[in-house]
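Engineer: Have a look; sequence and predicted model below, questions after that.
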Amino acid sequence: MGSKLRKCQCESDDFDSMEFQSNPHWSKYGKSKDEEELIPIIPALASAIFLHNLRDVHLLKTCRLVCKSWNIEACDSLRACSKASFAETSSRFQDFMMLIFKKAVGPLQYFPSPFQDFHVERATLTNPAFIEFVLNIPIKSIGLELDDGGEDGLGINQHFLNIVLGENRANITSLEIQAWSDKCFNRNEKTTTTDGYQLPFLKRLKFQDYCFSCTHMQLMENILSISQPEWLHLNIPNQKSVECLLPKDKVEHLKELELHFQEVSKKTWNHLNSLRLLRLTSLKFMAQVSVITIKKVRQWRSFCENVSPLLEEFETNLPISFEPSLAFPRLKSIKLVELNENKDILSCFTPDNFPSLVEVKLGIQKPFSIYLRHGIPHKGVSSLDLNINGWFEENYSFSLDLKILLTHLNKQYPEVTSLTFFIGKFWLKTIPDIFESFPKLKFLNLDGNCDLACFSGLNDSMITEYSSIGVPIEEIPRRNSIVDFNCKYNNNFM
């Protein structure tokens with residue numbers, strides 16, 4: 001039987017063409033017509049369904065050995081997993097270009113390319129060899145550096161940028177533009193135009209402009225005019241640009257929006273509150289608000305009401321409280337970068353206003369005094385991220401404040417099973433306090449400077465004292481340590 005099986009494998013390396021023997025117990029009944037039709041279809045159907053969406057690289061390489069058709073399907077999926085990134089000014093670009101050239105003219109030219117998605121980084125489009133290369137490959141994403149002037153000092157070549165975008169209009173899904181100053185930006189050159197083409201597949205657009213003179217606005221407006229991004233990231237210091245870069249006809253399709261402002265003026269607030277963000281599920285809003293007034297609080301609340309119905313992820317640094325009547329029915333994750341200015345906001349996270357909330361991320365600056373009202377416990381929150389910024393020496397006041405904060409958070413979120421905790425320096429009581437405050441933890445991620453005493457629950461004086469009387473180190477009494485988490489709850493640590 002074994003020899004027959006080996007003979008069958010040697011004579012046919014194509015799994016699709018192999019004949020399957022019927023079970024001996026079924027042979028007397030014969031094959032139905034439907035069974036005979038399914039025999040050649042099942043392997044092809046399995047490869048189409050299983051391999052087409054498979055992204056496990058190791059498993060895909062194993063599947064290539066099954067047969068010829070599975071090899072083809074697996075190679076297509078492997079190419080979908082590939083990511084070839086190169087920068088115009090990098091020496092690696094020359095090596096990569098030679099690799100592609102040898103593949104095109106060498107003995108492997110008839111084999112499919114191992115690369116499918118090409119990602120261009122830090123491009124100025126001033127190098128002729130680079131321009132010729134990118135015009136002959138499908139580009140998936142491109143990152144532009146408007147400040148790298150190149151040899152001629154003219155900045156980015158907008159003419160070739162227009163050509164590259166036009167040639168890859170059916171491929172580009174992501175575009176990032178970064179500008180720090182206008183010293184290398186050629187304002188006399190013709191600004192990028194659409195030339196009648198669109199970028200229908202551009203889903204991710206990121207624009208970081210740290211230039212206060214805003215000489216790059218026209219370029220960005222032209223990019224927006226030929227695309228409908230679903231993810232938009234804007235970091236702009238000049239408030240006058242907000243209305244141009246967030247036109248009403250473009251924001252209706254946004255699913256993710258990230259905004260970074262230096263200051264928010266009355267005109268900017270009015271424009272933001274007039275936008276209809278009907279599909280927005282993720283929002284990051286970072287702004288520098290020097291003076292908090294009742295009017296700004298109302299404007300901020302109005303904007304939150306506008307985006308709250310569909311929002312699932314929310315991050316902000318604005319120290320402005322949500323009123324109890326403001327509800328986020330679908331919000332799953334919220335991150336407050338600066339909690340100090342308004343600690344009572346935690347009491348507003350009630351199950352009625354945040355019924356879908358499962359993750360809370362908090363940033364705290366020192367010094368802080370804990371005066372927190374206990375609200376209605378939210379048993380749906382299972383993940384907590386606490387970031388205490390700064391480097392502080394251990395003292396009783398800070399340790400007490402931290403203990404009170406952890407105890408309050410546990411009462412507010414009694415079902416927390418995952419905790420990410422960052423602090424500049426761990427002390428002897430920090431880990432025991434975490435252990436006592438969150439008894440249901442299954443996952444713990446600790447980040448910060450720590451010595452052996454903090455993790456082990458022992459200090460040098462205790463070890464010396466008990467060792468001098470002959471007590472083994474494993475029997476020395478200690479406070480709760482990192483080992484207690486693992487032994488009692490079999491938890492995971494990072």
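Structural biologist: Looks like it came in fine. Numbering: from 1, shown residues only.
Engineer: Specify the next element, helix or strand, located C-terminal of the longest helix that the chain contains.
Structural biologist: Of all the segments of type helix in the chain, defined by DSSP state H, the longest one is helix 396-412. Along the chain past helix 396-412, the next helix or strand (assigned with DSSP states H and E) turns out to be strand 418-425.
Engineer: Counting by contacts, list what that following strand packs against.
Structural biologist: Secondary-structure packing of strand 418-425 (3 or more CB pairs under 8 Å, 6 or more residues apart in numbering; DSSP states H and E): strand 383-389, helix 430-437, strand 443-449. Every residue, glycine included, has its C-beta placed from N, CA and C.
Engineer: Mean neighbour count, distance to residue 262 and mean pLDDT for these - can I get that in JSON lines?
Structural biologist: Written out in JSON lines, the entries for the helices and strands packed on strand 418-425 read as follows (neighbours: other CB atoms under 10 Å; distance: least, CB to CB, whole Å; pLDDT from 0 to 100):
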{"stretch": "strand 383-389", "mean neighbour count": "18", "distance to residue 262": "21", "mean pLDDT": "90"}
{"stretch": "helix 430-437", "mean neighbour count": "20", "distance to residue 262": "36", "mean pLDDT": "84"}
{"stretch": "strand 443-449", "mean neighbour count": "15", "distance to residue 262": "30", "mean pLDDT": "85"}
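Engineer: Among these, which comes closest to residue 470?
Structural biologist: Residue 470 sits nearest to helix 430-437 of all the helices and strands packed on strand 418-425, at 27.0 Å, using CB to CB.
Engineer: The stretch 1-150 of the chain: helices as residue ranges?
Structural biologist: Secondary structure of the stretch 1-150 of the chain (DSSP state H, counting those that start in this stretch): helices at 2-11, 33-38, 41-46, 57-63, 68-81, 92-105, 128-134.
Engineer: typo on my end, it should be the stretch 201-350 of the chain
Structural biologist: Ranges of helices in the stretch 201-350 of the chain, per DSSP H, counting those that start in this stretch, are 217-225, 242-245, 248-251, 266-274, 294-307.
Engineer: Touching the third one from outside, list them.
Structural biologist: By that I understand helix 248-251. Contacts made with helix 248-251 from outside it, assessed by CB atoms under 8 Å, 6 or more residues apart in numbering, are listed as 224, 228-229, 232, 257, 274-277.
Engineer: Quick check: mean pLDDT of that helix?
Structural biologist: Along helix 248-251, the predicted confidence averages to a pLDDT of 85.
Engineer: By neighbour count, which bits of that helix are buried? Give me those.
Structural biologist: Taking 16 or more other CB atoms under 10 Å as the basis for neighbour counts, the residues of helix 248-251 that come out buried are 250-251.
Engineer: Next: the first one.
Structural biologist: Residues of helix 217-225 classed as buried by neighbour count (16+ other CB under 10 Å): 217, 219-220, 222-224.
Engineer: swap in the fourth one?
Structural biologist: Of all the residues in helix 266-274, those buried under the rule 16+ other CB under 10 Å are 268-269, 271-272.
Engineer: contact partners of stretch 83-94?
Structural biologist: Contact with stretch 83-94 is made by 96, 115, 117-127, 130, 148, as judged by CB under 8 Å, 6+ apart.
Engineer: one more time with 10 Å
Structural biologist: Residues lying outside stretch 83-94 but in contact with it, judged by CB atoms under 10 Å, 6 or more residues apart in numbering, are 95-97, 99-100, 113-127, 129-131, 133-134, 137, 140-141, 143-145, 148, 150.
Engineer: Can you select the buried ones among the residues you listed for me in ChimeraX?
Structural biologist: One line in ChimeraX is enough to select the buried members of these, burial here meaning 16+ other CB under 10 Å:
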select :96,97,115,116,117,118,120,121,122,123,124,125,126,127,130,131,133,134,137,140,141,143,144,145,148,150
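Engineer: How many residues are close by residue 468?
Structural biologist: Neighbour count of residue 468, defined by other CB atoms under 10 Å: 8.
Engineer: What subset of the contacts of helix 248-251 is buried?
Structural biologist: Among the contacts of helix 248-251, those classed as buried by neighbour count (16+ other CB under 10 Å) are 224, 228-229, 232, 257, 275, 277.
Engineer: Make JSON lines from these and add distance to residue 78 to it.
Structural biologist: As requested, these are arranged in JSON lines below (distance: CB to CB, whole Å):
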{"residue": "224", "distance to residue 78": "35"}
{"residue": "228", "distance to residue 78": "31"}
{"residue": "229", "distance to residue 78": "29"}
{"residue": "232", "distance to residue 78": "32"}
{"residue": "257", "distance to residue 78": "34"}
{"residue": "275", "distance to residue 78": "42"}
{"residue": "277", "distance to residue 78": "38"}
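Engineer: tell me, which of the helices of the stretch 1-150 of the chain is the model least confident about?
Structural biologist: When the helices of the stretch 1-150 of the chain are compared on mean pLDDT, helix 2-11 scores lowest, with a mean of 38.
Engineer: what kind of secondary structure is the residue nearest to residue 350 when sequence neighbours are not counted in?
Structural biologist: Once its chain neighbours are removed from consideration, residue 350 has its nearest residue in residue 376; the separation is 4.6 Å (CB to CB, 6 or more residues apart in numbering). Secondary structure for residue 376, judged by DSSP: H, G, I helix; E, B strand; the rest coil, is coil.
Engineer: For residue 376, give me its contacts.
Structural biologist: Residues counted as contacts of residue 376 (CB under 10 Å, 6+ apart) are 347-353, 412.
Engineer: In the stretch 251-400 of the chain, what residue spans correspond to strands?
Structural biologist: Using DSSP state E, counting those that start in this stretch, the strands found in the stretch 251-400 of the chain span residues 256-261, 282-287, 313-316, 333-336, 359-365, 383-389.
Engineer: Adjacent strands (with direction) for the fourth one?
Structural biologist: Okay, so that is strand 333-336. Under the criterion DSSP bridges, strand 333-336 sits next to strand 313-316 (parallel), strand 359-365 (parallel) in its sheet.
Engineer: any idea of the mean pLDDT for stretch 305-314?
Structural biologist: When pLDDT is averaged over stretch 305-314, the result is 89.
Engineer: Quick check: end-to-end length of that stretch?
Structural biologist: Taking CA to CA, to the nearest Å, stretch 305-314 runs 13 Å from one end to the other.
Engineer: Flag every buried residue along it.
Structural biologist: 305-308, 310-314.
Engineer: Could I get the helices and strands packed on strand 418-425 in a markdown table, plus columns for distance to residue 178?
Structural biologist: Written out in a markdown table, the entries for these read as follows (distance: least, CB to CB, whole Å):
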| stretch | distance to residue 178 |
| --- | --- |
| strand 383-389 | 26 |
| helix 430-437 | 39 |
| strand 443-449 | 28 |
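Engineer: how about these, which one is nearest residue 331?
Structural biologist: Per CB to CB, nearest to residue 331 of these: strand 383-389, 13.5 Å.
Engineer: in terms of contact, does residue 381 touch residue 354 like I think?
Structural biologist: Yes - counting by CB atoms under 10 Å, a contact exists between residue 381 and residue 354, whose distance comes to 8.6 Å.
Engineer: joint contacts of these two?
Structural biologist: Taking CB under 10 Å, 6+ apart as the contact criterion, the common neighbours of residue 381 and residue 354 are 334, 360.
Engineer: could you dump the strands paired with strand 333-336 to a markdown table with distance to residue 251?
Structural biologist: Compiled in a markdown table, the strands paired with strand 333-336 are given as follows (distance: least, CB to CB, whole Å):
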| stretch | distance to residue 251 |
| --- | --- |
| strand 313-316 | 17 |
| strand 359-365 | 25 |
